[in-house]
Every structure is written in structure tokens, then in C-alpha cells.
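> give the three-dimensional model of this entry:
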Amino acid sequence: MTNRRRFLQHLTVGGLSAVSVPSLLNAAEPRDKRFVSFTFDDWEMREQPPAPTPFDTTWTAKLTGKYRAVFDTPSINGGSGVWRAGSWVNHYKSVVKADIADINPVIVIRHAGIPLIMNNEFWERYDIAKENKVRDFNDNKTKRNPVLATVEEDKLPESFAAMALHKQIERGVIVLGCNAAFGGMVSLVAKKEKLTFGEARTQALTMVVPGVILQPNGIFGVTMAQHNGCAYVAAS
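Okay, the predicted model is just below:
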């Protein structure tokens, strides 16, 4: 397998092998790729400005299904963490014959994966795909967020249409974002638009995919999900 189209076909049929993931999804993207001009580790270790509102943890009350898993997504990696979550749901429906109400995926997007929570306007405006060497599902250049791909605009395979991030959120899938890493998105906006941190945060928040719930940091979200019965999946 040499491109994303064959990856998608393989994932639809039977899931991914651990060996295939790095070479298949992002041959051009180093696993520890840093975003633009700052280092995520450095940013996340700094003292962060307080969030303007308390962090919402009420999502834990929705974890009532028999089958629960948290998909840890610390890198872009072609959006593999998001696609794996969708595939997991489909497999439990088809193999275990589980009712959708009994299946609770939680997707945690953190660290260098944080651009995945940003909408296509943000990706296009700040050249996210170019900076991170992200390509579309036909292995062509793109300016769009891979996990927001559509059949019509991105030629996303029909079998994957319902697995796109916004479609999963519409169905009630819990998607958490790392607020510490989100500071990097704010920093990018501040630098490019010459805004204060507060102004840049306000603007950046308008470009977060609707329904994403920010948590203090990604590890907090992962462990909260685990403490509420979710099996851990290293998804990207």
C-alpha cells in the first residue's frame, strides 16, 4: 500500500495493522513534526493564561454504553485517530451487533494533532496543510483539514463520509481538544494578525470545529475518559 486511497480501502475492510500506519498515512510527515515556528512541548510546559470559562467535564455523564474507548490523537497523521474511531464503531455494530447507544467513542485531539480541531477556514488561511505536508485522500495537495473531508469537495470515499469529524460530532461522539496545545493555534493567529493573546484567542475560538470540547490539556481528557470506563487506544 502506497497511498491514502488504499489505506482507506484497507481500513474499511478490516482495520489497520500496526506496521502499516506510519508509512501509509504520512510518509512525508515525521511522527514528531512540530507545527510552524514553535514547539508544542515548550508551549505546553509554560504557564498558560486562564481559560475564559470553566472547563466542561459534563461529557463524562454521557459515557453510559457497554463499549467505551478513548482514541488518543497526538499527531495529524492523516487524521488516523478520527478515522479509527469511526471504524471502531462500525466494527462493533457489524461484528458484535452492538446497538449504537451501547458504543461510546471519545476522541482526544492534542499535542501536534491540535490543528485537526480547526475548521477549513483556519487551515486555508494559515497554510496548515502546506506547513505539515498534509495531502488529500487521493494523495494530491490540499489546503483543507483532512478530517473535515467530504465526498463532494474532497472525493472522500462514500464509506468514510459518516466518519468525518463533524459528522461524528453530529451523532453525539465526544471530541475533546487540548487547551494547552490550542494555545499554539492562538499564538499563530496573534503572530499573523498582530493581535494580543486575548484577541487572538477570541478569533481562534470562532474557527474551532463546532462541538469540540476544550479540556485543560489532552492528557486530562484521556485519563478522565479512562477513569470513566474507556479502554485506551493509541490512535495516531
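
> mind listing the helices for this structure?
4-14, 20-25, 40-45, 80-94, 120-125, 128-132, 151-154, 165-170, 179-193, 197-205, 218-227 (DSSP state H).

> report the rounded mean pLDDT for the third one.
Just to be clear, that refers to helix 40-45. Throughout helix 40-45, pLDDT has a mean value of 47.

> contacting residues around residue 176?
59, 106-109, 212-215, 218, 221, 225 (CB atoms under 8 Å, 6 or more residues apart in numbering). In this view, the C-beta of every residue, glycine as well, is placed from N, C-alpha and C.

> try 7 Å this time
If you count contacts by CB atoms under 7 Å, 6 or more residues apart in numbering, residue 176 has them with 106, 108-109, 213, 215, 221.

> which secondary element of this structure has the worst mean pLDDT?
In the chain, the helix or strand scored least confidently by mean pLDDT, DSSP states H and E is helix 20-25, which has a mean of 33.

> which stretch among the helices of the chain comes nearest residue 236?
helix 80-94 (4.0 Å; CB to CB).

> give me the helices and strands touching that closest one, please.
Contacts defined by 3 or more CB pairs under 7 Å, 6 or more residues apart in numbering; DSSP states H and E place helix 80-94 against strand 67-73, strand 103-109, helix 165-170.

> who touches the last one?
When contacts are defined by CB under 7 Å, 6+ apart, helix 165-170 is touched by residues 82, 85-86, 147-148, 161, 175, 209, 211.

> and which of these is nearest residue 233?
So of the contacts of helix 165-170, ranked by how close each gets to residue 233 (CB to CB), first place is residue 85, at 8.1 Å.

> count the residues that sit near residue 202.
14 (other CB atoms under 10 Å).

> distance of it from residue 189?
When distance is defined by CB to CB, to the nearest Å, residue 202 is 9 Å away from residue 189.

> what's the answer for residue 88, then?
33 Å.

> neighbour count for the two, which is higher?
When residue 88 is set against residue 189 and neighbours are counted by other CB under 10 Å, the residue ahead is residue 189, at 23 against 19.

> residues near the closest residue to that one other than its chain neighbours, how many?
Of all residues not flanking residue 189 in the chain, residue 200 sits nearest, at 4.1 Å (CB to CB, 6 or more residues apart in numbering). By other CB under 10 Å, the residues close to residue 200 number 21.

> which among the contacts of helix 165-170 end up buried?
82, 85-86, 147-148, 175, 209 (16 or more other CB atoms under 10 Å).

> just the pLDDT at residue 100, thanks.
pLDDT, residue 100: 96.

> list the contacts for it?
Contacts of residue 100 by CB under 7 Å, 6+ apart are residue 93.

> recalculate using a threshold of 10 Å.
65, 89, 92-93, 171-172 (CB atoms under 10 Å, 6 or more residues apart in numbering).

> can you lay out these as JSON lines showing neighbour count?
Output for the contacts of residue 100, formatted as JSON lines (neighbours: other CB atoms under 10 Å):
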{"residue": "65", "neighbour count": "18"}
{"residue": "89", "neighbour count": "22"}
{"residue": "92", "neighbour count": "20"}
{"residue": "93", "neighbour count": "14"}
{"residue": "171", "neighbour count": "11"}
{"residue": "172", "neighbour count": "12"}
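
> which one of these is nearest residue 126?
Among the contacts of residue 100, and counting by CB to CB, the member closest to residue 126 is residue 171, at 28.7 Å.

> my guess is that closest one contacts residue 89, does it?
Yes. Using CB atoms under 10 Å, residue 171 is in contact with residue 89, at 8.8 Å.
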